[in-house]
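[1] Could you work out the structure for the sequence below:
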Amino acid sequence: MWDLRILGTESLGVRGLSCYVEVDGEGILIDPGVALGFTRWKLHPHPVQAVAGDLIRRKIISLWAKAKYIVFTHMHGDHVPLYNANPFQLDLYALNHISKKTIIAPPYKLLNMKERIRLTKIHELYRENLITINRTRLYIGPLRIYGPYPHGYSLSSVYIVYVETNKPFMHLSDTGLLVDRIIDVVRELKPKIIISDGPPIYRYIHDNNLVKILLDKARHILESMLKYTDIVIIDHHINRCDKGYYWIQSIRNIYGNVMTAAEYMGNKPLLLESWRRTLYTLLPIENYWFKNHYMENINKFKPIYCKLIRQVKLVNELIDEEKFHNILSRVIANA
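    Have a look, this model is predicted:
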């Protein structure tokens with residue numbers, strides 16, 4: 001038996017790249033974190049975003065209890081549960097800390113001080129069941145872990161995860177389709193399905209030349225990987241702006257077997273992180289709404305989120321911010 005579930009990422013309304021894979025009854029949870037950008041355009045996450053985050057956190061908490069292996073490719077706050085989580089992140093102490101698990105994490109030497117504290121807090125709960133990666137290839141059960149590799153267009157490091165089964169799966173973490181060495185591992189292992197983030201072009205959206213350089217690089221690496229795999233799922237950083245989403249769809253129109261995580265899971269992409277301003281425009285609320293009555297606001301806006309999901313499923317075309325504005329307007333009018 002083989003099952004892949006993508007739990008939380010930008011096309012599903014949050015930040016992260018969390019996945020759950022089940023192989024012959026053994027669960028593998030990869031990068032079980034979830035976050036929302038604490039501020040963007042000087043706005044905190046809207047309650048509609050927080051509803052999506054709350055639902056995804058609940059899924060991760062449930063699957064954490066079920067998983068045999070838990071893998072952290074790196075220790076960023078949208079990829080791990082946190083001892084000091086803000087309301088939009090996953091609280092480490094909300095999890096069921098059953099000791100009979102194998103926790104796999106990067107070595108302390110690759111981490112900055114903040115990340116070392118995060119790992120230390122996890123180590124306090126799991127002790128001898130925590131394995132820090134001490135070689136470039138680590139094999140445990142159905143897992144092969146490789147690295148470290150660059151965190152895309154930055155100086156930090158990540159590991160990639162290969163799940164060995166009759167339908168091999170590879171999690172490329174935040175390599176951003178910007179690391180040439182990844183091609184060698186894909187060529188060697190030939191996974192059936194790959195999930196990767198894409199370049200964080202939302203950070204450089206006003207520098208057209210740099211955006212073009214990053215997307216051209218990503219396309220070169222993607223084209224090379226597509227020779228050795230059946231499906232490539234691209235999400236996370238690249239879907240923090242509509243331009244990244246359009247790029248994924250343009251590549252899909254050429255190759256056919258490229259998609260967002262939402263599309264792989266049978267849903268329509270809902271880039272709530274990218275469309276935060278529209279949420280505040282159509283559903284005004286005080287910017288610090290989460291300081292008081294957090295769950296009250298979650299419950300208040302949950303029906304809006306659920307109706308929005310149903311309406312989005314009825315749309316056959318790409319949903320950009322303008323179309324999202326129109327869909328949300330109809331939802332509010334009929335609420």
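[2] ok, now which ones touch Thr175?
    Going by C-beta atoms under 8 Å, 6 or more residues apart in numbering, Thr175 touches 149-152, 158, 160, 182, 196-197. Placement of C-beta: from N, CA and C, glycine included.
[3] Mind picking the two most distant members of the residues you listed?
    Farthest-apart pair in the contacts of Thr175 is Pro150 and Ser196; separation 13.3 Å (C-beta to C-beta).
[4] When those two are compared, which one has more neighbours?
    Taking neighbours as other C-beta atoms under 10 Å, Pro150 and Ser196 compare with Ser196 leading, 29 against 18.
[5] Ramachandran angles for Arg187?
    Backbone torsions of Arg187, given as degrees, to the nearest 10, read phi -60, psi -40.
[6] okay, now the closest residue to it other than its chain neighbours: neighbour count?
    Excluding the flanking residues, the one nearest Arg187 by C-beta to C-beta, 6 or more residues apart in numbering is Tyr228, at 5.3 Å. Tyr228 has 16 neighbours, counted by other C-beta under 10 Å.
[7] go on, Tyr288?
    8.
[8] can you pull the contacts of the most centrally placed residue in the chain?
    A centroid search over the chain (C-alpha atoms, centre = their mean) returns Leu17, at 2.0 Å, as the residue closest to the centre. Taking C-beta under 8 Å, 6+ apart, we find Leu17 in contact with 8-9, 31, 78-79, 171, 173-174, 195, 197, 235-236.
[9] Weed out the non-buried ones from those.
    Among the contacts of Leu17, the ones that count as buried by 16 or more other C-beta atoms under 10 Å are 8-9, 31, 78-79, 171, 173-174, 195, 197, 235-236.
[10] Could you pull out the buried residues of stretch 62-73?
    Buried residues in stretch 62-73, counted by 16+ other C-beta under 10 Å: 63-64, 67-73.
[11] I meant to write stretch 280-300 there.
    Going by neighbour count (16+ other C-beta under 10 Å), the buried part of stretch 280-300 is 280, 282-283, 285, 289-290, 297-298.
[12] For the residues you listed, give me a markdown table that also has distance to Pro106 and secondary structure.
    Output for those, formatted as a markdown table (distance: C-beta to C-beta, whole Å; DSSP: H, G, I helix; E, B strand; the rest coil):
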| residue | distance to Pro106 | secondary structure |
| --- | --- | --- |
| Tyr280 | 36 | helix |
| Leu282 | 41 | helix |
| Leu283 | 39 | coil |
| Ile285 | 38 | coil |
| Trp289 | 35 | helix |
| Phe290 | 31 | helix |
| Asn297 | 36 | helix |
| Ile298 | 33 | helix |
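[13] re the thing from before, just the buried ones among the contacts of Leu17: which are in helices?
    Per DSSP state H, helices hold no members of these.
[14] Just the closest of the residues you listed to Arg40, please.
    Among the buried ones among the contacts of Leu17, Asp78 lies closest to Arg40 (C-beta to C-beta), at 13.4 Å.
[15] Tell me where this protein has strands.
    Secondary structure of the chain (DSSP state E): strands located at 2-8, 18-23, 26-30, 69-71, 102-105, 130-132, 137-140, 143-150, 157-163, 169-171, 193-197, 231-235, 258-259.
[16] neighbouring strands for the fourth one, and are they parallel or not?
    Strand 69-71 has the following strand partners under DSSP bridges: strand 26-30 (parallel), strand 102-105 (parallel).
[17] got a list of what the closest residue to the residue nearest to the centre of the chain other than its chain neighbours touches?
    The spatially closest residue to Leu17, leaving aside those adjacent along the chain, is His236, at 4.7 Å (C-beta to C-beta, 6+ apart). The contact partners of His236, by C-beta under 8 Å, 6+ apart, come to 9-10, 15-17, 174, 196-198.
[18] Quick check, pLDDT for His236.
    Per-residue confidence (pLDDT) for His236: 98.
[19] same check, this time on the one 4 residues further on
    With respect to pLDDT, Arg240 has a value of 96.
[20] likewise the one 3 residues further on?
    Note for Lys243: predicted pLDDT of 95.
[21] where does the stretch 151-300 of the chain dip in pLDDT?
    Across the stretch 151-300 of the chain, nothing is flagged by pLDDT under 70.
[22] which stretches of it form helices?
    When assigned using DSSP state H, counting those that start in this stretch, the helices of the stretch 151-300 of the chain occupy the ranges 181-189, 208-225, 242-255, 261-264, 276-282, 294-313.
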